[in-house]
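# Fold the stuff below for me.
(one chain, ligands or ions: 2)
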Amino acid sequence: MAKVHLKKLEKTYPNGFKAVHGIELDIKHGEFMVFVGPSGCAKSTILRMVAGLEEISGGEVWIGERIVNNIAPKNRGIAMVFQNYALYPHMTAYENMAFGLKLKRTPKKEIDKRVRKAAEKLEITSLLERKPKEMSGGQRQRVAVGRAIVRKPEVFLFDEPLSNLDAKLRVSMRLKITQLHKQLKEEGQAATMIYVTHDQVEAMTMGDRICVLNYGKIMQVDTPINLYSKPANKFVAGFIGSPAMNIKEATLEEENGDVMIKISRDFSLRLPDDKTEKVRKYIGEKVWFGIRPENISIKNIGVSGEVSVVEQMGNEQYVHISISGEEYTARSSSEKALLAQHGEKYNFVFDMKKCHIFDFESEENISL
Ligand SMILES: Nc1ncnc2c1ncn2[C@@H]1O[C@H](COP(=O)(O)OP(=O)(O)OP(=O)(O)O)[C@@H](O)[C@H]1O
Ligand SMILES: [Mg+2]
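Residues are numbered from 1 along each chain as shown. Ligands and ions are numbered 1, 2, ... in the order given. Model (predicted):
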């Protein structure tokens, strides 16, 4: 059993830069946890501390029932897969996969069994005698994953393993890794996986839960669906979802008993009753107003806006509009959106039941 606990984890690099600020995170045994966040938010630093490749400045890393702060990487029961594969160029795929086990003096027969089984899982049996330079990027990445599997680690650590692959290969490798996680569970060898990416689609589709990081701090840890529909703060709201949530500065005002979001002098939106109770004490104050592109639609009624650009996705359209001087993105597959022309005016309806309101200072979601 290998749950991973990070307790008050801190990292200060030798140059004095503090990269990780007191991370508290419990990853369950067999869970697929994704770390996501902008470049430089310390995803790799945290993963490398779990792996033992980076010194821990403060706090504890637990793997299973042990504190591993002072345990060598090779004794932590982990295997790591990197972006650049890090295969030995002079060895065949088979030798690359077998190498770690050979060092541990695993019997030849056992090595052969494990390598062939992993190769079968990853569909690379026919490539076992090839050297890395005779393989495509995706095939090399599978060998790198295979090399991790044969060690039967309790914890897999992936640091952007697919970012060197083209879009199509990324999708198929993404599925392979998700399937691998499921298969291991079904075989009674459930492995805990921590997967770093800055690709939102990977994060949303692969993770049991996602940990969103920013500047070395956790912004939210939750299931993909909850992150999307109940972002805890403005950062998560803006980071998860593509195209991004529309977020505007606004003021909350009371008007004839209704609570209005006033975005500009001539543009206000009425809040539905279930939300007004939650935000009543913010009346008269500045807030952030957020609404996802799919919650703005072109209708015959609603507020008038001018289309600046239409992005054609084939199955849907991203319609960029200007409403009283502010830019918004609407996302729709309706006929009206399909026919929208730049420079033309249309009416837009905001589905206010789906909007979010954030505290202006703390940026916490106050409308949940
Ligand atoms: N050896 C180092 N010395 C000083 N600062 C470092 C060192 N390594 C990383 N950093 C800094 O620590 C922060 C976190 O870096 P890290 O590589 O963990 O980010 P990341 O989230 O993995 O980013 P990316 O998505 O670009 O891979 C960054 O601001 C980085 O500049
Ligand atoms: Mg990184």
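# so what's the residue in the stretch 251-368 of the chain that ligand 1 sits nearest to up against?
Ligand 1 sits closest to E363 of the stretch 251-368 of the chain, with a gap of 20.4 Å, by CB to the nearest ligand atom. Backbone N, C-alpha and C define where each C-beta goes, glycine included. Neighbouring residues of E363 by CB atoms under 8 Å, 6 or more residues apart in numbering: N233, K234, F235, W288.
# do that again at 6 Å, thanks
Each residue near E363 by CB atoms under 6 Å, 6 or more residues apart in numbering is listed here: N233, K234.
# could you measure Q189 against ligand 1, distance?
29 Å (CB to the nearest ligand atom, to the nearest Å).
# Am I right that that residue is in a strand?
No: under DSSP: H, G, I helix; E, B strand; the rest coil, Q189 falls outside any strand and is assigned coil.
# how about the nearest residue to it once chain neighbours are set aside, secondary structure?
Of all residues not flanking Q189 in the chain, K152 sits nearest, at 7.0 Å (CB to CB, 6 or more residues apart in numbering). Following three-state DSSP, we place K152 in the coil state.
# Counting neighbours, what do you get for K152?
14 (other CB atoms under 10 Å).
# What backbone torsions are found at it?
phi 50, psi 50 (degrees, to the nearest 10).
# Helix, strand or coil: sort out K336 for me.
helix.
# residues touching the closest residue to it other than its chain neighbours, list them.
Excluding its sequence neighbours, the residue lying closest to K336 (CB to CB, 6+ apart) is I298, at 4.2 Å. Counting by CB under 6 Å, 6+ apart, I298 touches K336, A337, Y346.
# tell me the pLDDT at I298?
The score at I298 is 92. That number is its pLDDT.
# Name the residues that touch stretch 99-107?
By CB under 6 Å, 6+ apart, stretch 99-107 touches I111, R151.
# mind listing what's buried in that stretch?
F99, G100, L101, T106 (16 or more other CB atoms under 10 Å).
# Next: stretch 240-249.
For stretch 240-249, the neighbour count (16+ other CB under 10 Å) marks I240, G241, M245, N246, I247, K248 as buried.
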